[in-house]
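# Need a 3D model of the sequence below.
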Amino acid sequence: MLLFAAYGRPRGTLALEQAMGVPVGCGFGASAAAAISAVYAAASCMGVRAPKRELAYFAHAADILERTGLGTVSVTYDATGAGAITKAGAPGVSRFRKVRCPAGTRLVTASLAAFRKSDVLSSPRAVEKVTRLGDRALRRFEARPTLETLASEGEKFSEALGLMSEGAKELAALAKERGADHASQNMIGQAVHAITPASKADDVATALRESSWRPLVEVFEIGTRRAGLLGAAPATGTSKGSVSP
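Residues are numbered from 1 along each chain as shown. Presented below is the predicted three-dimensional model:
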């Protein structure tokens, strides 16, 4: 609707199909990815020729208005690798501090269930706690912007926030027992991510899959490709546009 308000409603019928490659509601940024892909595909079908940053703003605004994300669109649409948002804001305003990752670094993830972020974001008390803990973690990261600091502060943040279920706590502990360097809760979801050397990734993944919690376990490399439209969309009809990982 925001895109239509700016560029006018499309003539005919516009239908979008989306396929998600990660669990929804588990803190993987699926809402940001869905918003970006929807805007890019719709804009392509409508013949809108605008810079990526301008289009990403509509996805950012929708994610904030619907309380489905934490401002991640501002980085997701153009950034790669691992790091932290050091300045919040819309696309082009926010700042992302990237850190160097050792060769062979893997992310082993274990997902249990979806989490309604809006329940947290609609609570002033919870938002105040998130802000206070986040500011402290960010100051420490900016003082020493490394993957080690990023991961260790993430662990401290998730533990202090107090939203981890028993399952998430046990899975994070198990990942570290089996060789992960760090493991903490996704923000925000009942899922964990473990930063793991490639040599240990299979062992960590196997241990998590065989745990009594039976989570969905996946192994990822650190992304290097920026988001963008995959293939040309037709002038009208159904668009299957999406963003690259």
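
# Which segments of the protein make up each domain?
2-96+225-239, 102-221 (automatic domain parsing).

# Least confident of those domains, on average?
Mean pLDDT per stretch puts domain 2-96+225-239 lowest among those, at a mean of 84.

# longest helix in the protein, by residue count?
Looking across the chain with DSSP state H, the single longest helix is helix 124-143.

# Could you say which helix or strand holds the residue lying closest to Thr68 once chain neighbours are set aside?
Spatial nearest neighbour of Thr68, excluding adjacent residues (CB to CB, 6 or more residues apart in numbering): Ser31 at 4.0 Å. To be clear about C-beta, it is placed using only N, CA and C from the backbone, and glycine gets the same treatment. Applying DSSP states H and E as the criterion places Ser31 in helix 30-46.

# Moving along the chain from that helix, name the first helix or strand you hit.
helix 52-65.

# Check which element follows that following helix along the chain.
Downstream of helix 52-65, the next assigned helix or strand under DSSP H and E is helix 73-76.

# which helices and strands sit right next to the next helix or strand after that following helix?
Sequence order places strand 82-87 as the next helix or strand after helix 73-76, per DSSP H and E. Under the contact definition 3 or more CB pairs under 8 Å, 6 or more residues apart in numbering; DSSP states H and E, strand 82-87 sits against strand 95-99, helix 124-143, helix 147-161.

# Most tightly packed of these?
By mean neighbour count, with neighbours taken as mean count of other CB atoms under 10 Å, helix 147-161 ranks first of those at a mean of 18.

# circling back: what angle separates the helix holding Ser31 from helix 52-65?
For the pair helix 30-46 and helix 52-65, the angle between their directions (axes from the mean of the first three to the mean of the last three CA atoms, to 10 degrees) equals 130 degrees.

# which helices and strands sit right next to helix 30-46?
Helix 30-46 packs on helix 2-7, strand 14-16, helix 52-65, helix 73-76, strand 237-239, going by 3+ CB pairs under 8 Å, 6+ apart.

# can you give me the offset of that helix from its chain's centre?
Centroid displacement of helix 30-46 relative to its chain, using CA atoms, centre = their mean, to the nearest Å, is 15 Å.

# Report the backbone C-alpha coordinates of it in PDB.
This file holds the C-alpha atoms of helix 30-46, laid out as PDB (Å, rounded to 0.1, in the frame of the first residue of the first chain):
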ATOM      1  CA  ALA A  30      12.300 -13.400   7.400                       C
ATOM      2  CA  SER A  31       9.900 -10.500   7.700                       C
ATOM      3  CA  ALA A  32      12.500  -8.100   6.400                       C
ATOM      4  CA  ALA A  33      13.400 -10.400   3.500                       C
ATOM      5  CA  ALA A  34       9.700 -10.900   2.700                       C
ATOM      6  CA  ALA A  35       9.100  -7.200   2.800                       C
ATOM      7  CA  ILE A  36      12.000  -6.400   0.500                       C
ATOM      8  CA  SER A  37      11.300  -9.200  -2.000                       C
ATOM      9  CA  ALA A  38       7.600  -8.100  -2.200                       C
ATOM     10  CA  VAL A  39       8.500  -4.400  -2.800                       C
ATOM     11  CA  TYR A  40      11.200  -5.300  -5.400                       C
ATOM     12  CA  ALA A  41       8.900  -7.700  -7.300                       C
ATOM     13  CA  ALA A  42       5.900  -5.300  -7.200                       C
ATOM     14  CA  ALA A  43       8.100  -2.400  -8.300                       C
ATOM     15  CA  SER A  44       9.500  -4.500 -11.200                       C
ATOM     16  CA  CYS A  45       6.000  -5.500 -12.300                       C
ATOM     17  CA  MET A  46       4.800  -1.900 -12.100                       C
END
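
# quick thing: my sequence starts at 357, can you match it?
Renumbered: residue one is now 357, and that last one reads helix 386-402.
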